[in-house]
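In: Can you look at this prediction? I've put the sequence above it.
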Amino acid sequence: MSLWSYFQASGAGGAGGEAPSGADTVEKLCHRLESSTLIDDRRDALRAIKSLSKKFRLEVGTQAMRLLCDVLEKDRSDPDLCSYSLESLLNIVSCDPQEEAEPGQAELCSQFAEIFVKQSANVHLVLECIDETDSRVRVPALRALAALLESQTKATQEHILTFPQGCGRLIDVLTDQREYVRNLGILLLVHLTRTNTNIQKIIVFEDAFPRLLEIISAEGCSHGGVVVEDCLRILLNLLRSNPPNQTLFRENSYIAQLPVFFEDADSGDEGGAGGSDAEGWSTQRVTNVLQMLSVIRVLVSPQNASQNTRASQRAILQCGLLARLTAILMASGVPAEVLAETINTVAECIRGYEEAQKFLAAVEAPANPPRPAIVVLLISMVNEKQPFPLRLAVLYAFQSYLFRNPDGQAAVVSTLLPASAEATSSITAGQLLCAGLFSSDSHTAWLAAVSLLHAVHGNSVQKEQLLRVQLATGLGSPPVSLLQHCANLLTTNPSARCKLGLLQLLGGWLTQCPLVTKAFLNCASNVNQALAELQGSDHTEEEGLVKALYAYLLGACFLAGHTDLMALVERRVFVKSLKSPQPPSQPSLDYEFSRMFKSAEPEIARALGATGGSGGSGTGGLAQQFTEHEAVVTQYKDLIKEQDSRYRELKTRFDALQAGSEQLTREKASLEETVRSLRDQNTVLKAAASGRSGLAPAVASVAASASTASSSMPSGLDQVGQQTSDSSSSLVQQLRDQLAARETELSHLRAELDTVRKSSPSPAAAGSSGGSVVEAATAYFPDDYDQVKLENAQYRERIAELEEQVAEVAKLSALRDSLQRRIDELLVIEAERDQLRSELAQQQQPEDTQELKQQLDELTSERDNLKSENEDLLVLLSDQDSKLEALREQVKSLGGKVDEEDDEPVDLEEGSDGAEYEDN
């Protein structure tokens with residue numbers, strides 16, 4: 001039946017010819033898919049479901065999702081069924097960009113994706129389909145898994161981790177010779193490697209780095225298409241915030257393969273940084289280069305561990321990658337966006353690494369005459385026509401060049417000092433910075449001031465050297481120092497941004513340098529200007545920031561020993577202004593200056609509190625507040641130290657007690673094993689005693705009571721002992737009754753013998769006829785007299801032995817009671833130890849381990865006593881078994897019968913001779 005005929009047969013309406021609804025159609029198709037036995041019918045139904053899955057997403061998702069999963073599980077061998085099923089799932093859990101505009105569709109897809117990934121088996125089915133080499137199955141499987149990762153990233157990643165070789169199977173897709181299949185695998189890895197660190201590590205160990213670099217090289221490196229961009233995104237995901245992967249990338253020499261990516265990036269006319277001709281740079285090439293630069297910056301980011309960053313910087317310098325990047329800086333025709341990111345990358349590659357900083361200082365631009373790369377970069381920074389992001393990138397590169405580089409700082413400051421005419425014939429870094437400092441553009445002045453701040457930051461020698469710089473303000477005017485000129489600019493330049501840059505320069509210059517501080521205070525106008533700014537009002541965020549920097553400037557002078565400044569300004573105004581306000585949205589404060597400001601602020605406050613008695617009005621109260629504050633802080637510090645020491649002491653004791661607790665646990669397990677062994681041995685002895693027959697069931701009862709002693713209650717033990725005692729007493733009484741009967745019979749025999757003797761002739765006659773008398777007596781008596789005496793003696797011996805056995809049974813009962821008491825004491829000790837452990841876990845403040853050690857010794861002693869008593873009990877039971885066996889033999893020899901089944905002795909009966917005697 002064809003699909004059209006099926007719709008006509010089952011989907012037509014009634015007499016009115018109404019068309020069936022989407023839900024009815026999907027329901028009938030699902031029924032056909034589930035109930036049909038012919039593969040063609042099932043294939044047609046699944047093809048129809050796939051065609052309806054977009055238009056009727058809700059109906060297909062609610063009715064057919066389970067059937068689609070069943071098809072993936074049971075019909076794996078049919079590629080058509082698997083393909084239709086995967087494509088239907090893809091349509092359910094994802095929607096096209098056109099469909100996203102429709103209300104509710106994106107949310108519906110997300111809900112179906114969440115339902116699908118709730119069961120890990122569903123995701124595993126899709127992963128198994130990726131192993132299929134048939135593109136009809138592998139392609140929709142890759143697309144479906146990518147859609148699930150995009151919608152339900154975390155849950156899908158967890159399911160992939162639980163699937164055996166899940167990540168390895170996805171990496172194998174990169175080796176597929178069909179490019180469209182490989183590209184789908186790359187897109188899938190982009191979503192997979194975003195957040196999960198464990199997946200990132202597993203993918204790296206599956207040789208993802210070499211495969212991705214091979215694809216990048218095969219696609220043309222920076223000239224490649226979107227495939228190169230996706231591969232670089234995967235590299236970025238694998239390396240960002242993942243130090244192990246960074247280490248593996250560096251140690252396997254993959255950094256040495258990166259310079260080839262920038263082979264053609266520096267081509268074009270050489271002209272210096274900031275060229276505007278961007279011909280030959282397509283949008284995709286710009287994106288690819290930016291992505292590769294981001295990968296390099298991840299390796300040398302200052303946020304990484306210093307060891308990893310330094311090792312990556314060394315590898316970048318040695319493989320020639322830094323040289324390739326600096327060549328891009330000096331090339332023309334590079335887009336500004338790429339140039340700014342390259343400058344930032346070079347900055348992080350040389351930050352704090354002396355060899356790389358020296359390498360950059362030696363780089364010269366291919367100009368006539370050649371100029372140092374640092375000078376070319378500064379020219380771009382002070383150029384107002386350059387984009388501001390590019391100028392900020394140059395500032396970052398200049399800061400990184402001077403970071404922990406005293407030689408570089410000296411070289412920059414030396415260009416500002418008086419020199420010969422030959423030295424001043426060319427443009428220098430100092431000249432460019434001074435020119436920028438005096439620029440009317442606020443951004444240029446701010447950039448130049450911050451650059452000069454880094455030239456002297458943390459270097460007292462260069463701060464003093466910078467005092468020697470003299471500037472000519474005009475024809476016929478005497479030169480003024482750079483320090484005084486910067487102070488004068490604060491009053492003449494109305495720009496708040498320019499003031500922020502100059503105040504940062506002056507604040508960093510004056511900090512921890514008394515000579516510069518003295519030179520600054522020699523001009524009274526500088527202090528008056530600062531005091532006027534402090535007492536003024538601030539209407540904007542930048543004005544409040546300027547006020548805080550003025551307060552810091554006076555505070556740096558105060559720390560240098562000039563305490564008389566505080567008499568000129570109220571301290572409350574000073575402290576209030578010193579509190580740093582919220583910075584504005586645009587960059588205003590340098591990072592290093594902010595760190596210096598934060599570290600100096602509490603020092604200034606403490607210094608104010610120490611000299612509070614010499615100020616103006618209100619200074620005594622302020623000083624008292626500072627003193628009280630210091631006292632409170634000191635008190636809390638002492639308290640914290642005490643608590644810390646107490647915590648360490650308690651932690652040490654806790655560790656010791658925890659070790660003791662573990663030892664007690666092992667001892668408890670050993671004692672439990674000993675008790676279990678005793679129970680097993682008692683059970684075996686009981687079984688052995690019950691398997692033998694004898695005349696002493698009391699011993700078997702004792703063995704039974706001993707085997708259950710460790711698990712019975714005391715009342716039960718008393719009951720069993722009473723039963724044992726009663727059984728033994730009854731047995732002795734029975735034997736005594738039998739002995740009395742024998743003695744009575746013997747007395748009768750004696751009386752009859754005496755009668756016979758009296759009626760016999762004289763002794764002589766008797767002697768002559770003794771044989772006949774003996775024969776008559778033998779014929780008359782059923783038993784021989786000596787035999788009866790022997791039997792009586794045996795019965796007496798038996799009674800004595802049984803009485804000894806009864807005494808031994810009493811002794812065993814006493815041993816049993818002692819064993820039970822020992823077991824009860826052991827249980828009590830174990831309960832006390834469990835209580836101690838619970839108290840230790842709740843309070844985590846153990847007091848002493850002496851009690852626990854004493855309890856451990858007692859437990860060990862109890863265990864040894866139990867072992868010794870158990871051995872004594874075993875010896876007694878063994879002796880008792882041997883005696884029982886001997887008694888059984890004696891009973892058999894006396895003519896008694898022993899029942900082998902119930903191990904009960906049989907009462908002694910008179911023999912055949914006795915019967916004859918009665919008859920006679």
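Out: Happy to help now that I have it. None of the values given here were measured: they were computed from a predicted structure.

In: Please identify the buried residues of the helix or strand hosting Ala551?
Out: Using DSSP states H and E, Ala551 sits within helix 541-559. Buried residues in helix 541-559, defined by neighbour count with 16 or more other CB atoms under 10 Å: 542-559. To be clear about C-beta, it is placed using only N, CA and C from the backbone, and glycine gets the same treatment.

In: got the CA positions of that helix in PDB?
Out: Output of helix 541-559 as PDB, limited to C-alpha atoms (Å, rounded to 0.1, in the frame of the first residue of the first chain):
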ATOM      1  CA  GLU A 541      32.300  61.200  39.500                       C
ATOM      2  CA  GLU A 542      35.500  62.400  37.900                       C
ATOM      3  CA  GLU A 543      35.600  65.500  40.200                       C
ATOM      4  CA  GLY A 544      35.300  63.200  43.200                       C
ATOM      5  CA  LEU A 545      38.100  61.100  41.900                       C
ATOM      6  CA  VAL A 546      40.300  64.200  41.400                       C
ATOM      7  CA  LYS A 547      39.600  65.200  45.000                       C
ATOM      8  CA  ALA A 548      40.700  61.700  46.200                       C
ATOM      9  CA  LEU A 549      43.900  61.900  44.200                       C
ATOM     10  CA  TYR A 550      44.700  65.300  45.700                       C
ATOM     11  CA  ALA A 551      44.200  63.900  49.200                       C
ATOM     12  CA  TYR A 552      46.500  61.000  48.300                       C
ATOM     13  CA  LEU A 553      49.100  63.500  47.000                       C
ATOM     14  CA  LEU A 554      49.100  65.400  50.400                       C
ATOM     15  CA  GLY A 555      49.100  62.000  52.200                       C
ATOM     16  CA  ALA A 556      52.200  60.900  50.400                       C
ATOM     17  CA  CYS A 557      53.900  64.200  51.500                       C
ATOM     18  CA  PHE A 558      52.700  63.500  55.100                       C
ATOM     19  CA  LEU A 559      54.200  60.000  55.000                       C
END
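
In: the domain parsing of the chain - what is it?
Out: The record's domain parsing of the chain by the TED database lists 22-206, 210-266+284-362, 411-418+426-608.

In: SS state for Leu238?
Out: Remark: Leu238 carries the secondary structure label helix [criterion: DSSP: H, G, I helix; E, B strand; the rest coil].

In: these two touch, right, it and Ile202?
Out: No. Leu238 is beyond contact range of Ile202, at 10.6 Å (criterion: CB atoms under 8 Å).

In: And these two? Which one has more around it.
Out: Legend: neighbour count by other CB atoms under 10 Å for Leu238 and Ile202, higher for Leu238 (25 against 18).

In: contacting residues for that one?
Out: Contact partners of Leu238, counting by CB atoms under 8 Å, 6 or more residues apart in numbering, are 193, 200, 203-204, 208-209, 245.

In: do Leu125 as well
Out: Contacts of Leu125 by CB under 8 Å, 6+ apart are 69, 72-73.

In: picking that back up, to Thr652, which of the domains of the chain lies closest?
Out: The minimum distance between Thr652 and the domains of the chain falls on domain 210-266+284-362, with 30.7 Å, by CB to CB.

In: Would you mind measuring the gap between the ends of the closest one?
Out: This stretch, domain 210-266+284-362, spans 34 Å end to end (CA to CA, to the nearest Å).

In: ok, now stretch 323-340?
Out: Taking CA to CA, stretch 323-340 runs 17 Å from one end to the other.

In: Quick check: mean pLDDT of it?
Out: The average pLDDT within stretch 323-340 is 93.

In: which parts of that stretch are buried?
Out: Residues 324-340 are the ones in stretch 323-340 that count as buried (16+ other CB under 10 Å).

In: And for stretch 157-166?
Out: Under 16+ other CB under 10 Å, the buried positions of stretch 157-166 are 157-160, 163, 166.

In: before we move on, what about stretch 230-249?
Out: Buried residues in stretch 230-249, counted by 16+ other CB under 10 Å: 230-240, 242, 245-246, 248-249.

In: what's in contact with the helix or strand where Val190 lies?
Out: In this assignment (DSSP H and E), Val190 forms part of helix 179-192. Defining contact as CB under 8 Å, 6+ apart, one finds that helix 179-192 is touched by 135, 138-139, 142-143, 145-146, 149-150, 153, 157, 160, 167, 170-171, 173-176, 199, 203, 208, 215, 227, 230-231, 233-234, 237.

In: What subset of the residues you listed is buried?
Out: In terms of neighbour count (16+ other CB under 10 Å), the buried residues within the contacts of helix 179-192 are 135, 138-139, 142-143, 145-146, 149-150, 153, 157, 160, 167, 170-171, 173-174, 176, 199, 203, 208, 215, 227, 230-231, 233-234, 237.

In: Skipping its backbone neighbours, what lies nearest Glu542 in space?
Out: In space, Glu542 comes closest to Ala496 once its chain neighbours are excluded; the distance is 4.0 Å by CB to CB, 6 or more residues apart in numbering.

In: ok, Arg47 touching Tyr84?
Out: Yes. Using CB under 8 Å, Arg47 makes contact with Tyr84 at a distance of 5.5 Å.

In: hmm, back to that, in a markdown table, list the contacts of Leu238 along with distance to Leu390, secondary structure and pLDDT.
Out: Formatted as a markdown table, the contacts of Leu238 follow (distance: CB to CB, whole Å; DSSP: H, G, I helix; E, B strand; the rest coil; pLDDT from 0 to 100):
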| residue | distance to Leu390 | secondary structure | pLDDT |
| --- | --- | --- | --- |
| Thr193 | 32 | coil | 94 |
| Gln200 | 33 | helix | 95 |
| Ile203 | 36 | helix | 95 |
| Val204 | 35 | helix | 95 |
| Ala208 | 34 | helix | 95 |
| Phe209 | 32 | helix | 96 |
| Asn245 | 31 | helix | 96 |
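
In: so for the longest helix seen in the chain, what's the average pLDDT?
Out: Longest helix in the chain, counting residues (DSSP state H): helix 619-690. When pLDDT is averaged over helix 619-690, the result is 73.

In: name the helices or strands packed onto it?
Out: Judged by 3 or more CB pairs under 8 Å, 6 or more residues apart in numbering; DSSP states H and E, the packing partners of helix 619-690 are helix 571-578, helix 591-610, helix 697-707, helix 785-843, helix 850-893.

In: And those, which one averages the lowest pLDDT?
Out: Mean pLDDT is lowest for helix 697-707 among the helices and strands packed on helix 619-690, at a mean of 42.
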